[in-house]
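*Asks:* Return atomic coordinates for the entry below.
(chains A and B)
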Amino acid sequence: MNAQAPALQDPRLNRPEPFTPRDGGFFQRDRSIHPPAHAPGYKSSVLRSPRQSLLSLENSVSEFTGPVFGHNDLGPLDNDLIRNYAKDGDPVGERIIVHGRVLDETGRGVPNTLVEFWQANAGGRYRHKKDTYLAPIDPNFGGCGRALTDDTGYYYFRTVKPGPYPWRNYVNSWRPAHIHFSVFGSGFAQRLITQMYFEGDPLIPVCPILTTIPDKDALDRLVAPLDLNASTPFDSLAYRFDIVLRGQRSTYFENRTAGN
Amino acid sequence: MPQPLNYLKETASQTAGPYVHIGLIPAMAGFDIFEKNFSNVLVTPNTQGERITLEGRVLDGTGTPLRDVLLEIWQANAAGRYNHPADRSAGALDQDFRGWGRAGSDFESGLVTFETIKPGAIIDKAGRKCAPHVNVWIVARGINIGLNTRLYFSDEEAANAADPVLNLIEQPVRRATLIARRGERAGKIVYSFTINLQGPEETVFFDV
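*Replies:* Numbers count the residues shown, from 1 in each chain, chains lettered A, B, ... in the order given. Here you go, the predicted model:
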């Protein structure tokens, strides 16, 4: 546990320290699979993208640490979007379960990490004071939730399938149905926001935001397949969405206990 | 053929979009849903350290403040220790300081504020002293992958001059883009910052 952990050897003391090939930093981010900051097909990116090169930073304690969350941060309905804002019944829409694992690039599950998600309702309308789309607000749907992964990195939540909606990019641009995800990992340099899409959606190949991703395989990895085995008969379909965070050159967490 | 390495690939980033508040700060979207909410206040009455307000804006390439941006900060406590098991430095942990917060910009002014404490200096793996700083992560509509930068403190001139990360920045004029200016308002310490996404004063962003 942390309180008893010995301080790292101070190299200035010139005492021998056992060799370890791992320095705690994260694997170099492969930016070729991420959308570039400046992606003119997604017009909003043009004035909001840095033009100088990013300065590469060897990870220090500022990068390989990050906030720690626990079950105390969450409420009992946080992973149930069908119930967490219900006023007088269930929200309208296709009932779905979304589940998967948060992994790192070595394939290990990322335990006890916070996953947050938000989405439009079944008609494609967000509960947000800045959304003016004509589809109606659903009085029983808030559209956000969160979960903590278990010891193996597994998470799940229940919701209704979001609808597609129009947005101002080209005159006739439509977002494919999607759920936004925010994931932490164990270090702040793993912080990631992404979007999950649904298998078979014909809007996927024409979306100006999705197609900012230059790598076809990376784009496909944002598309969740229908997972009939995880569905609940006569209740909910299921989609599977695994999320991969950067791997780490570290042994710090191999004995890490839950909630630490 | 050599053995396959079989690493997985990181999931691609996508923009947080204009409605990021729904998921991360629902009160700003206009509704109340969670019992417990995260916020821009990092301190409790028991937190150790000098109370400060961080206050600033993120400007686009025309100099216009982003009014739908979300910032998160991650910082050490007053003793220079991060509240995380991988920080094994000698400074004392403060159980009343997680060291993390998030804030959305004001929908009119674009102003972003955090109520926190000034972090202590950090000793890095090589034993070097690093100037007190706050790590910043920025997401918004039009930002395809979160931007990482840092805020340093204007009253730490000597520590800043010796800081290994600031000294990685080739042009001294660009180092200044990371310095928050100390001031005082109504008896409170306020550090002001501007993050320029583009232009001659473009902020230094890091590939962490």
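*Asks:* how distant is the helix or strand of chain A with the lowest mean pLDDT from the center of its chain?
*Replies:* Using mean pLDDT, DSSP states H and E, helix A:61-64 stands out as the lowest-scoring helix or strand of chain A, at a mean of 94. How far helix A:61-64 lies from its chain's middle: 20 Å, per C-alpha atoms, centre = their mean, to the nearest Å.
*Asks:* Any residue of the following helix or strand past it touching chain B?
*Replies:* Proceeding C-terminally, helix A:61-64 gives way to strand A:95-104 as the next helix or strand, assigned by DSSP states H and E. Yes: looking at strand A:95-104 against chain B by C-beta under 8 Å from any C-beta of the partner chain, the contacts come from A:103, A:104. Backbone N, C-alpha and C define where each C-beta goes, glycine included.
*Asks:* Check which helices and strands strand A:95-104 sits against.
*Replies:* In terms of contact count using 3 or more C-beta pairs under 8 Å, 6 or more residues apart in numbering or on different chains; DSSP states H and E, strand A:95-104 is assigned the packing partners strand A:154-160, strand A:237-240, strand A:243-245.
*Asks:* Of those, flag the one that's most buried.
*Replies:* Burial of the helices and strands packed on strand A:95-104 is given as mean neighbour count (mean count of other C-beta atoms under 10 Å in any protein chain shown); strand A:243-245 ranks first at a mean of 24.
*Asks:* quick one: strands adjacent to that one?
*Replies:* Strand A:243-245 pairs in its sheet with strand A:95-104 (parallel), by DSSP bridges.
*Asks:* what angle do the strand it pairs with and strand A:154-160 make?
*Replies:* Between strand A:95-104 and strand A:154-160, the angle comes out at 150 degrees (axes from the mean of the first three to the mean of the last three C-alpha atoms, to 10 degrees).
*Asks:* from the middle of its chain, how far away would strand A:95-104 be?
*Replies:* Mean-position distance between strand A:95-104 and its chain equals 10 Å (C-alpha atoms, centre = their mean).
*Asks:* Following the chain onward from it, which element is next?
*Replies:* Heading C-terminal from strand A:95-104, the first helix or strand you meet, by DSSP H and E, is strand A:114-119.
*Asks:* which residues does the residue nearest the centre of chain B bridge with?
*Replies:* In chain B, the centroid-proximal residue (C-alpha atoms, centre = their mean) is residue B:136; its distance is 2.2 Å. Each beta-bridge partner of residue B:136 is listed here, defined by DSSP bridges: residue B:73, residue B:149.
*Asks:* Check the gap between residue B:50 and residue B:99 for me.
*Replies:* If you measure residue B:50 against residue B:99 using C-beta to C-beta, to the nearest Å, the figure is 15 Å.
*Asks:* Between those two, which has more neighbouring residues?
*Replies:* When residue B:50 and residue B:99 are compared for neighbours, residue B:99 comes out ahead with 27 against 10, by other C-beta atoms under 10 Å in any protein chain shown.
*Asks:* you'd agree residue A:64 is up against residue B:86?
*Replies:* Yes: distance between residue A:64 and residue B:86: 5.8 Å, which falls inside the contact criterion (C-beta atoms under 8 Å).
*Asks:* Enumerate every residue touching the residue nearest to the centre of chain B.
*Replies:* Residue B:136 makes contact with B:71, B:72, B:73, B:148, B:149, B:150, B:151, B:195, according to C-beta atoms under 8 Å, 6 or more residues apart in numbering or on different chains.
*Asks:* what number of residues lie near the fifth one?
*Replies:* The one in question is residue B:149. Neighbour count of residue B:149, defined by other C-beta under 10 Å: 23.
*Asks:* cool, and the last one?
*Replies:* Residue neighbour count, defined by other C-beta under 10 Å, stands at 25 for residue B:195.
*Asks:* what helix or strand is it on?
*Replies:* Taking DSSP H and E as the criterion, the element that holds residue B:195 is strand B:188-196.
*Asks:* Now find how far off-centre that strand is within its chain.
*Replies:* 12 Å.
*Asks:* Next: stretch B:107-121.
*Replies:* Per C-alpha atoms, centre = their mean, the centroid offset for stretch B:107-121 relative to its chain is 8 Å.
*Asks:* Can you list the buried residues in it?
*Replies:* Using 16 or more other C-beta atoms under 10 Å in any protein chain shown as the test for burial, stretch B:107-121 gives B:110, B:112, B:113, B:114, B:115, B:116, B:117, B:118, B:119, B:120, B:121.
*Asks:* Redo the residues you listed as JSON lines? Include distance to chain A, secondary structure and pLDDT.
*Replies:* Written out in JSON lines, the entries for these read as follows (distance: C-beta to the nearest C-beta, whole Å; DSSP: H, G, I helix; E, B strand; the rest coil; pLDDT from 0 to 100):
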{"residue": "B:110", "distance to chain A": "13", "secondary structure": "coil", "pLDDT": "98"}
{"residue": "B:112", "distance to chain A": "15", "secondary structure": "strand", "pLDDT": "98"}
{"residue": "B:113", "distance to chain A": "19", "secondary structure": "strand", "pLDDT": "98"}
{"residue": "B:114", "distance to chain A": "14", "secondary structure": "strand", "pLDDT": "98"}
{"residue": "B:115", "distance to chain A": "16", "secondary structure": "strand", "pLDDT": "98"}
{"residue": "B:116", "distance to chain A": "13", "secondary structure": "strand", "pLDDT": "98"}
{"residue": "B:117", "distance to chain A": "16", "secondary structure": "strand", "pLDDT": "98"}
{"residue": "B:118", "distance to chain A": "15", "secondary structure": "coil", "pLDDT": "98"}
{"residue": "B:119", "distance to chain A": "10", "secondary structure": "coil", "pLDDT": "98"}
{"residue": "B:120", "distance to chain A": "12", "secondary structure": "coil", "pLDDT": "98"}
{"residue": "B:121", "distance to chain A": "12", "secondary structure": "coil", "pLDDT": "97"}
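*Asks:* count of residues packed around the one residue in the stretch 101-250 of chain A that gets nearest to chain B?
*Replies:* With C-beta to the nearest C-beta as the measure, residue A:118 is the residue of the stretch 101-250 of chain A nearest to chain B, at 2.8 Å. Residue A:118 is flanked by 28 other residues according to other C-beta under 10 Å.
*Asks:* who's it bridged to?
*Replies:* residue A:144, residue A:180.
*Asks:* any idea of the pLDDT on it?
*Replies:* Among the per-residue scores, residue A:118 holds a pLDDT of 98.
*Asks:* which ones are touching it?
*Replies:* Residue A:118 makes contact with A:143, A:144, A:145, A:179, A:180, B:19, B:20, B:22, B:23, B:24 under the criterion C-beta under 8 Å, 6+ apart.
*Asks:* surely residue A:88 meets residue A:138?
*Replies:* No: the pair formed by residue A:88 and residue A:138 falls short of the contact definition of C-beta under 8 Å, at 11.4 Å.
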